[in-house]
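Participant: I would like the atomic coordinates for the input below:
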Amino acid sequence: MNGLTQKKYPTIACCGLDCGLCPKYYTQGPSKCPGCYGPNFSEKHPSCSIITCCVKKNGYETCAECENLICDKLKDWDKSDSFICHRKSIMNLEYIQKNSLEDFLEQQKKRIGLLEKILNDYNEGRSKNFFCISTALLSISDLEYAIKESEQQIKKDSIESGDIKLKSKILRNILEKIAKEKNILLKLYRG
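Facilitator: Have a look, this model is predicted:
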């Protein structure tokens, strides 16, 4: 065991989950998640066998550093979990392995910036989860397009800057349309 008390980059999980785009990461108060093995992680989360193997045993930042990337712990990780954002976990790890963690973090920084803009300008208090999931699953160019389109529609319809509810609805509709065109499920339907 290397004895690390936290990861250097908690916004990207060992398993490839994009913690910097998670609703719990943007929660205010004691339930705020510090990211994967971030500050005080052990106090807020149960133990994680992936963290134990990746960080504690091998001293890796992510599983992308491991020769056996798709081990038994990660096999079907992106398909079997109900948490929608897990769908990108393996793709994220493969991207890191092929390119670099630094390249991934640069892209993640752009996504986080877009998410923070969306949460500041469009979150009416009920759409945080939807916006976080959209930012994790859609491409950066699709997100930039959606923001630009919503800004144009808001201007065209003379919607007041303080009407967050209507602004949120416009952006949500644009994001849902993009996702539908790309066959990306942004929410689970229960019926």
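
Participant: can you tell me the distance between the two ends of stretch 48-66?
Facilitator: With CA to CA, to the nearest Å as the measure, the ends of stretch 48-66 fall 17 Å from one another.

Participant: Centre-most residue in this protein?
Facilitator: In the chain, the centroid-proximal residue (CA atoms, centre = their mean) is L21; its distance is 3.0 Å.

Participant: Number of residues surrounding the nearest residue to that one once chain neighbours are set aside?
Facilitator: Once flanking residues are discounted, L21 sits nearest to A136: 4.3 Å by CB to CB, 6 or more residues apart in numbering. Quick note: C-beta positions are derived from backbone N, CA and C, even for glycine. Neighbour count of A136, defined by other CB atoms under 10 Å: 23.

Participant: Tell me the backbone dihedrals of the residue nearest to the centre of the chain, please.
Facilitator: When read as degrees, to the nearest 10, the backbone of L21 gives phi -120, psi 10.

Participant: Go ahead and confirm it touches R111.
Facilitator: Yes - when contacts are counted by CB atoms under 8 Å, L21 is listed as touching R111 (6.0 Å).

Participant: how far away is P30 from K44?
Facilitator: Look at P30 and K44: by CB to CB, to the nearest Å, they are 8 Å apart.

Participant: Can you pick out the residue with more neighbours from these two?
Facilitator: Between P30 and K44, K44 has the larger neighbour count (other CB under 10 Å), namely 14 against 7.

Participant: Now do the lengthiest helix in the chain: which elements does it pack against?
Facilitator: In the chain, with assignment by DSSP state H, the single longest helix is helix 101-122. With contacts taken as 3 or more CB pairs under 8 Å, 6 or more residues apart in numbering; DSSP states H and E, helix 101-122 sits against helix 89-98, helix 128-137, helix 140-156, helix 164-181.

Participant: now the angle from it to helix 128-137?
Facilitator: Relative orientation of helix 101-122 versus helix 128-137 (axes from the mean of the first three to the mean of the last three CA atoms, to 10 degrees): 150 degrees.

Participant: mean confidence for helix 101-122?
Facilitator: What helix 101-122 shows for mean pLDDT is 96.

Participant: Show me how far that helix is from its chain's centre.
Facilitator: Mean-position distance between helix 101-122 and its chain equals 9 Å (CA atoms, centre = their mean, to the nearest Å).

Participant: just to revisit the earlier point, just name the most buried of the helices and strands packed on helix 101-122.
Facilitator: Mean neighbour count (mean count of other CB atoms under 10 Å) peaks for helix 128-137 among the helices and strands packed on helix 101-122, with a mean of 22.

Participant: Thanks a lot, catch you later.
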